[in-house]
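**Q** Next comes the sequence, and after it the predicted model I'd like to discuss.
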Amino acid sequence: MLENAIYGGRRYWAWIFFLLSLIGAGFIAYIYQFQNGLGVTGMSRDVSWGLYIGQFTFLVGVAASGVMVVLPYYLHNYKKFGRLTILGEFLAIAAVVMCMLFIFVDMGQPLRVLNVILHPTPNSVMFFDMAVLSGYLLLNLLIGWTVLGAERKEVGPPKWVKPLIYLSIAWAPSIHTVTAFLYAGLPGRHFWLSAIMAARFLASAFAAGPALLILLALIVRKYTKFDPGKEAIQSLGKIVTYCMLLNVFFLGLEFFTAFYSQIPGHMHSFVYLYTGLHGHSQLVPIMWVSSILAAVAVFMLVFPQIRKNESLLAIACIATFFSLWIDKGFGLVVGGFVPNPFEKITEYWPTLPETIITVAVWAIGFLVLTVLYKIAISVKEEVVFDKYGERQIKAE
Amino acid sequence: MSIDRREFLKLAGISTILGMGGASAVHGLRSRVEASQIMPNPEALKAKRWAMVVDMSKFKTAEDYQRCIDACHHAHNVPNVTDNLKHEVKWIWEETYEHAFPGTEDEYLAEEIKELPFLILCNHCDNPPCVRVCPTKATFKRKSDGIVMMDMHRCIGCRFCMAACPYGARSFNYKNPRPFLDPEKENPEFPTRTKGVVEKCTFCYERLAKGQMPACVEASRGALIFGDIEDPNSEVRKVLGSRYSFRRKPELGTRPSVYYIF
């Protein structure tokens, strides 16, 4: 099946080379960071995690959200998702690859990365995170590849893959729960020390991931002969709607606990993020962009009339994705460090090299995604489209 | 010589048992060998759990603080990163009362107390969150005396410990620290660090092993009291038993080993 990745039109190769150029720029920036240390980033003694770890956190959610198409299809026999599962699984693979790269570029001593395996430490959530992420990557590679291979040969998937699929369904929430535990168990970081953290993580993940998947499905339909299905996209839209509402609700719970209890430590980070604290307000504009996008997304999603229009659904998905990307990929991590344990404020903003490296990791993710989708869609075009032909379109 | 099946199985069984026994014998031997590779200095200072009492009444002038800070930072080749305070590395430093003990100040607090600098260092918690989160055991609590140690050769620089420490006691080498050392004052007895690792106070484990008190304690002229908190006759216990003491953020359950008295 791999050969499908090297046959493509001009547009395919132009996209590939565009991504490769971004990766090349990021590689040069990474060499610079590797030689000079993490001082080339905007991180500091007080804000010791920044954009990299934020992106990692966000993308674990995207990876976990693959389960939102796999679960209805395999556990509820929801056939409409049949054509989406492979897109969900391959999106999860690309997302996990990005997660691992974001952790790697965030390390002060990247050459010692194997110490995590050489000195396994079960009491560290980070050790577990590494274990569940690697496991999830393997599961999705194995399942996606096997099921797609079977489809190409026009036979049913082998029996042994079923238990693995069930395992992966249970596994998906675990990766994001563990990621939330990275934050939610730290004494003295009031902003993160919240029992709802893992639930909020899952809700935002299951909104942002399927939102991205809808956009990808629409792109796939536009540029290839393969149609993931109008109804499938609408069902995904409902998932995005409910999860986005849950996410907003959970965020509201955080606000209530902080501001009704009036405990200063619990309020400080929220105040810093949304209005600024002691004259420091660097993150306020982007947090409001995130909030406005969330409001727009919720408004567009809750009305079925709007949601059922695919162009408007696409806009709602873009709003959902970027709202959560800012909230979780940036605000959540930085907000936890401000104010610092001495209740002093050091602000954070990513530097140019840091941004170039971040863009490059995303480009690597999109490269993996493009190649995997190219393979999957070539198989689907060959098998599904030719087999059902016009019927596929008429059936909608 | 030929052996039949029965004979072979017997021999195989016996040699397996012998082999296992041999392995465990070697194992036992090895742990003993490793333990005695370095002869402990008979002068070494020992404790069940080291603790420090900072007697604020003895810090009168700025020089009193600086003497302790300089002693530590020279002894441990702590880089003097002053070009960008975001990258600052510090093992022991000053922090005013309202920042050292946030949440305890009130609006009527006397200005001299609010602004009073306290010496801040790693608390060597009995229940250290940094140790709990470290994915490589690069930071660990030493069983013998409770010191929260830092293996800067194992640290991968993930900075999870910095997020976990509620006391802001940890510094990360955002850049190569060596250019920020004064070659004249470098201490050849203590290693310098590379970029990309976390560091912090280690209660001068290397001095204790030689029978010396921590550098800051030695320089403090009695303002820092250091001893075994599990020994009822130690000086720290006597001070804590007779005077009002307090610790930073005790509500977090980390059980700091650094106490403050007025």
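**A** The structure has been received and is ready for your questions. Residues are numbered from 1 along each chain as shown, chains lettered A, B, ... in the order given.
**Q** in stretch B:72-85, what counts as buried?
**A** Burial within stretch B:72-85, assessed by neighbour count using 16 or more other CB atoms under 10 Å in any protein chain shown, is assigned to B:Cys72, B:His73, B:His74, B:Ala75, B:His76, B:Asn77, B:Val78, B:Pro79, B:Val81. Placement of C-beta: from N, CA and C, glycine included.
**Q** Confirm for me that A:Phe255 is in contact with A:Phe270.
**A** Yes. Contact criterion CB atoms under 8 Å: A:Phe255 and A:Phe270 qualify, at 6.6 Å.
**Q** Let's test this: name the helix or strand in chain A with the lowest mean pLDDT.
**A** Least confident element among the helices and strands of chain A, by mean pLDDT, DSSP states H and E: helix A:390-394 (a mean of 47).
**Q** for chain A, what are the nearby residues on the stretch 151-262 of chain B?
**A** B:154-160, B:162-168, B:171-176, B:194-198, B:249, B:252-254 (CB under 8 Å from any CB of the partner chain).
**Q** List the ones among those that fall in strands.
**A** Counting by DSSP state E, the part of these found in strands is B:Ser171, B:Phe172, B:Val198.
**Q** Can you tell me how far the residue of the stretch 151-262 of chain B found nearest chain A is from B:Cys201?
**A** Among all residues of the stretch 151-262 of chain B, B:Gly157 sits closest to chain A, at 1.9 Å; criterion: CB to the nearest CB. Going from B:Gly157 to B:Cys201 by CB to CB, to the nearest Å gives 19 Å.
**Q** Quick check, pLDDT for the residue nearest to B:Ala47 when sequence neighbours are not counted.
**A** Residue nearest to B:Ala47 in three dimensions, not counting chain neighbours: B:Asp228, with 3.4 Å by CB to CB, 6 or more residues apart in numbering or on different chains. Note on B:Asp228: pLDDT of 97.
**Q** who has more neighbours, B:Gly157 and B:Cys201?
**A** Neighbour totals were compared for B:Gly157 and B:Cys201, and B:Cys201 leads with 26 against 23 (other CB atoms under 10 Å in any protein chain shown).
**Q** Where do the domain boundaries of the chain fall?
**A** No chain was given, so I picked chain A. Using automatic domain parsing, the domain ranges for chain A come out as A:1-188+A:353-391, A:235-340.
**Q** that's the wrong chain, I wanted chain B
**A** Using automatic domain parsing, chain B is parsed into the domains B:1-37, B:50-261.
**Q** And those domains: which comes nearest A:Ala203?
**A** domain B:50-261 (23.0 Å; CB to CB).
**Q** thought A:Ile375 was touching A:Asn4?
**A** Yes. With contact defined as CB under 8 Å, A:Ile375 reaches A:Asn4; the gap is 4.7 Å.
**Q** Which one's more surrounded, those two?
**A** Using other CB under 10 Å as the criterion, A:Ile375 and A:Asn4 rank with A:Ile375 on top: 21 against 17.
**Q** Can you get me the start-to-end distance on stretch B:143-160?
**A** 22 Å (CA to CA, to the nearest Å).
**Q** avg pLDDT for it?
**A** 95.
**Q** In the stretch 1-150 of chain B, which residue sits nearest chain A?
**A** Ranked by CB to the nearest CB, the top residue of the stretch 1-150 of chain B for proximity to chain A is B:Lys86, at 3.4 Å.
**Q** Please name the residues that touch that residue.
**A** A:Met43, A:Ser44, A:Arg45, A:Asp46, A:Thr346, B:Tyr174 (CB atoms under 8 Å, 6 or more residues apart in numbering or on different chains).
**Q** Relative to A:Lys230, which of those is nearest.
**A** For the contacts of B:Lys86, the nearest to A:Lys230 is A:Met43 (45.0 Å; CB to CB).
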